[in-house]
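[1] Here is my input, please return the structure:
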Amino acid sequence: MKKMMVVAILILGGVAFASSLSVPWFVDNAPANTFYPPRAGGIQGIVYLHNNQTSDLTCSIEYFTSSGFTMGPAAPENTFVIKASATLAFRPVANDPVGTATPGGQENVSAGWLVPNKPTVGTDVIPDGTGTKTNGSCVVRWMGVSTDVQGIMVQTFNIDNSASGRLLQYGTLLPPGA
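    The predicted model follows:
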């Protein structure tokens, strides 16, 4: 009976639960300001996150190496906001702001550019030496239900390193976590 009362209180009280969304793998080693599709060699990783709510949503992000070592960043430097009913795009490793001085950037300076990047540290800190790599995974967390945020991870390649860029691209749908 006590369990039923606790469940009823949680449901009726509108208690928010912590939810998450995982980016299972990214590579982001293309230079900044290379446009879209990229006009330089490398892989441009872009994560798009959409806030399905009608109010702003504060999120946190945590990055991991390929071996599962946490890279941070530490709180409170790990938080960012997705505006109500908005989508933001960010690159996990590169600072890539859009602007007149940087016409080829991919991160809006009032949204995606504010998402913290994957920290890089010396190989002496991460036992397997993967700390300085421009790949890995990340988890985005927020207070609310799992359907509050949805997203996609897109990676683009300039396969012949030409200014016109022949594009090879694939995307991964990021369903809500738990």
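[2] Centroid-nearest residue for this protein?
    In the chain, the centroid-proximal residue (CA atoms, centre = their mean) is residue 47; its distance is 5.0 Å.
[3] got a list of what that one touches?
    Neighbouring residues of residue 47 by CB atoms under 8 Å, 6 or more residues apart in numbering: 23, 26, 89-92, 138, 151-154, 174. From N, CA and C alone the C-beta is placed, and that goes for glycine too.
[4] Among these, which lie within helices?
    Applying DSSP state H to these, no entry is found in helices.
[5] What ranges in this structure fall below the confidence cut-off?
    For the chain, applying pLDDT under 70 flags the ranges 1-16, 100, 102, 122-131, 159-171, 176-178.
[6] mind listing the strands for this protein?
    Taking DSSP state E as the test, the strands found in the chain are 18-27, 43-51, 57-64, 70-72, 79-82, 87-90, 135-143, 149-158, 167-174.
[7] quick one, which of those is nearest to residue 116?
    Each of the strands of the chain has some distance to residue 116 by CB to CB; the shortest is strand 57-64, at 5.9 Å.
[8] about what we covered before: do you know which of the strands of the chain lies nearest residue 99?
    Taking CB to CB, strand 87-90 is the member of these nearest to residue 99, at 14.6 Å.
[9] elements contacting the closest one?
    Other helices and strands packing on strand 87-90, by 3 or more CB pairs under 8 Å, 6 or more residues apart in numbering; DSSP states H and E, are strand 43-51.
[10] about what we covered before: including distance to residue 36, could the strands of the chain go into TSV?
    Listed next are these as TSV, based on distance: least, CB to CB, whole Å:
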stretch	distance to residue 36
strand 18-27	16
strand 43-51	7
strand 57-64	22
strand 70-72	26
strand 79-82	20
strand 87-90	10
strand 135-143	20
strand 149-158	7
strand 167-174	9
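[11] Apart from its neighbours in sequence, what residue is nearest residue 49?
    Nearest non-adjacent residue to residue 49, counting by CB to CB, 6 or more residues apart in numbering: residue 151, 4.3 Å away.
[12] Give me the neighbour count for that neighbour.
    Close neighbours of residue 151, defined as other CB atoms under 10 Å, add up to 21.
[13] So in terms of bridging, what pairs with it?
    When bridges are called by DSSP bridges, residue 151 pairs up with residue 49, residue 174.
[14] Isn't it up against residue 50?
    Yes: with contacts defined as CB atoms under 8 Å, residue 151 counts as touching residue 50 at a distance of 6.3 Å.
[15] Name the residues contacting each of those two.
    By CB under 8 Å, 6+ apart, no residue touches both residue 151 and residue 50.
[16] on that earlier part again, quick one: contacts for the residue nearest to residue 49?
    By CB under 8 Å, 6+ apart, the contact list for residue 151 reads 21, 23, 47-50, 140, 173-174.
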